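> my questions concern the predicted model and sequence given below.
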Number of protein chains: 2
Amino acid sequence: MARVGLTSERLTRAGAELADEVGFDQVTVAELARRFDVKVASLYSHVKSSQDLKTRIALLALEELADLGAAALAGRAGRDALIALGDVYRDYAREHPGRYAATRLRLDPATAAASAGGKHAQMTRAILRGYDLAEPDQTHAVRLLGSVFHGFVSLELDGGFSHSEPDSQETWTRVLDALDALLRNWPAP
Amino acid sequence: MARVGLTSERLTRAGAELADEVGFDQVTVAELARRFDVKVASLYSHVKSSQDLKTRIALLALEELADLGAAALAGRAGRDALIALGDVYRDYAREHPGRYAATRLRLDPATAAASAGGKHAQMTRAILRGYDLAEPDQTHAVRLLGSVFHGFVSLELDGGFSHSEPDSQETWTRVLDALDALLRNWPAP
DNA sequence: GCGATTTGCCTAAATGCTTTAGGCAAGTTC
DNA sequence: GAACTTGCCTAAAGCATTTAGGCAAATCGC
């Protein structure tokens, strides 16, 4: 029996592609086996379970997204940085819907702590260096930005803004403008 | 064989409770049958498929949420209305996490059109009557509010804000304040 | 009341995904 | 080249979905 050369990494990458094609929920060990033309049980030497596979895909996606974010933020500040990071999330979600859905997988605390998740909060916080916010407002603002990015992107992905005017690109631009204005003019308690 | 009195409605309600207990993804026709102490196949007279069951739960949740929203908005305007509607979403998600997750189920266009989904957009738009926004800014603002409500609530539900200071209630209050300020001072393009 | 019809829940069975146990042969090591 | 490790295999059990067909309980017409 010829060896195909399965590894956790190859399975994870293939799983991520599968997720983008058919949706993260539809990612299945069985389908992955089919794609490698291998029996299902064979995958279980490389991946502990279906859940383990999904977790690995989530970690991959978080990592990719953090790298893209870091690249986009380099050399930018204030409004430019805000727009750059927002676009990274939105573009990633549109190009890789399955991977983006994977980033929303609930990880157990230990796994989450070891993930690139922390980098995401750090990047958002970095944006705020371009604005004049002290704690605890800075944390509130980090959470607001996270909510808007995630909320907008997932509503858009679910088709919430389609088939109605104005188109969602237009709204996205104006939402980022509004956030910039808000951060420059953050209300006192 | 004694008849238990199954109906689509009872199954849907029980499914919604099950969702709140074990998570929307874990809602299964088999588990529902167990709870009614009935054979699985029996449910298929009342529900077309597992997907159909989930869709019914989603429609129920959208309806409940729309009713709560309408009640909360009655007699309120401006900032009060904004806070009231925001709290409806947040409280519902915290009290009924499974049902809230159900509202995010992707519905086919026909079902979505017949759902209470439209009421939600209308309610958000109603809030904006208390602010001075013309189209297309009004639509942008509707989408922003939807993004923040959904984004915040789902990040909070996923534990994104837990175990870190300040607590998420505090952030929520300040986020609503910030949105109010933003709507009163919406930036020109 | 009582027969006819509808309705509700049943048994049975096929399909598909997950997961574990144990085996054999291809690759690696010395 | 023998001994070991590793990769993919067969086999089988468990559970969820879904369909087909059956019997009995509720309901309706008379």
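Yep, that arrived.
> distance of the nearest residue to A:Leu183 once chain neighbours are set aside from chain B?
Leaving aside its chain neighbours, A:Leu183 sits nearest to A:Tyr131 (4.3 Å; criterion: Cβ to Cβ, 6 or more residues apart in numbering or on different chains). Every residue, glycine included, has its C-beta placed from N, CA and C. When distance is defined by Cβ to the nearest Cβ, to the nearest Å, A:Tyr131 is 13 Å away from chain B.
> from the structure, what's the count of residues near A:Tyr131?
By other Cβ atoms under 10 Å in any protein chain shown, the residues close to A:Tyr131 number 20.
> I'd say it and A:Ala181 touch.
No: with contacts counted by Cβ atoms under 8 Å, A:Tyr131 stays clear of A:Ala181, the gap being 10.7 Å.
> circling back to that earlier point, for the residue nearest to A:Leu183, what are its contacts?
For A:Tyr131, the contacting residues are A:Gly78, A:Ala141, A:Leu183, A:Arg184, A:Trp186, by Cβ atoms under 8 Å, 6 or more residues apart in numbering or on different chains.
> now rank these by neighbours and give me the top one.
Among the contacts of A:Tyr131, the one with the most neighbours (other Cβ under 10 Å) is A:Ala141, at 24 neighbours.
> elements contacting the one helix or strand A:Leu183 maps to?
Using DSSP states H and E, the element containing A:Leu183 is helix A:168-184. Contact here means 3 or more Cβ pairs under 8 Å, 6 or more residues apart in numbering or on different chains; DSSP states H and E; on that basis helix A:168-184 packs against helix A:78-95, helix A:137-157, helix B:137-157, helix B:168-184.
> chain B contacts on chain A?
Residues of chain A found near chain B (Cβ under 8 Å from any Cβ of the partner chain) are A:25, A:104, A:106, A:136-137, A:139-140, A:143-144, A:146-152, A:154-155, A:158-161, A:164-166, A:168, A:170-171, A:174-175, A:177-178, A:180-182, A:185-187, A:189.
> list the buried ones in the helix or strand bottoming out on mean pLDDT in chain A?
In chain A, no helix or strand scores lower on mean pLDDT, DSSP states H and E than helix A:109-114, which sits at a mean of 93. Of the residues in helix A:109-114, A:Ala112 count as buried by neighbour count, 16 or more other Cβ atoms under 10 Å in any protein chain shown.
> what separates the helix or strand following that helix from the chain centre, distance-wise?
Using DSSP H and E, the next helix or strand after helix A:109-114 towards the C-terminus is helix A:117-127. Between the centre of helix A:117-127 and the centre of its chain there are 12 Å (Cα atoms, centre = their mean, to the nearest Å).
> other SSEs contacting helix A:117-127?
If you count contacts as 3+ Cβ pairs under 8 Å, 6+ apart, helix A:117-127 packs onto helix A:50-73, helix A:78-95, helix A:137-157.
> quick one: pLDDT of the residue nearest to A:Leu183?
pLDDT for A:Tyr131: 96.
> that one and B:Thr173: what is the separation?
As defined by Cβ to Cβ, to the nearest Å, A:Tyr131 lies at a distance of 20 Å from B:Thr173.
> what of A:Gly151?
Taken as Cβ to Cβ, the span from A:Gly151 to B:Thr173 is 18 Å.
> likewise A:Thr103?
Separation of A:Thr103 from B:Thr173 (Cβ to Cβ): 27 Å.
> of the two, who's got more company?
Neighbour count, other Cβ under 10 Å: between A:Thr103 and B:Thr173, A:Thr103 has more, with 27 against 15.
> please save the CA atoms from stretch A:132-150 in CSV.
Only the C-alpha atoms of stretch A:132-150 are listed here, as CSV (Å, rounded to 0.1, in the frame of the first residue of the first chain):
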residue,chain,number,x,y,z
ASP,A,132,-5.9,59.6,23.0
LEU,A,133,-7.6,57.1,25.2
ALA,A,134,-6.6,56.1,28.8
GLU,A,135,-7.7,53.0,30.6
PRO,A,136,-10.4,51.8,31.1
ASP,A,137,-11.7,53.5,28.0
GLN,A,138,-9.0,51.9,26.0
THR,A,139,-10.3,48.5,26.9
HIS,A,140,-13.8,49.5,26.2
ALA,A,141,-12.7,50.8,22.8
VAL,A,142,-10.8,47.6,22.0
ARG,A,143,-14.0,45.6,22.7
LEU,A,144,-16.1,48.0,20.6
LEU,A,145,-13.7,47.6,17.7
GLY,A,146,-13.7,43.8,18.1
SER,A,147,-17.5,43.8,18.2
VAL,A,148,-17.9,45.9,15.1
PHE,A,149,-15.3,44.1,13.1
HIS,A,150,-16.7,40.7,14.0
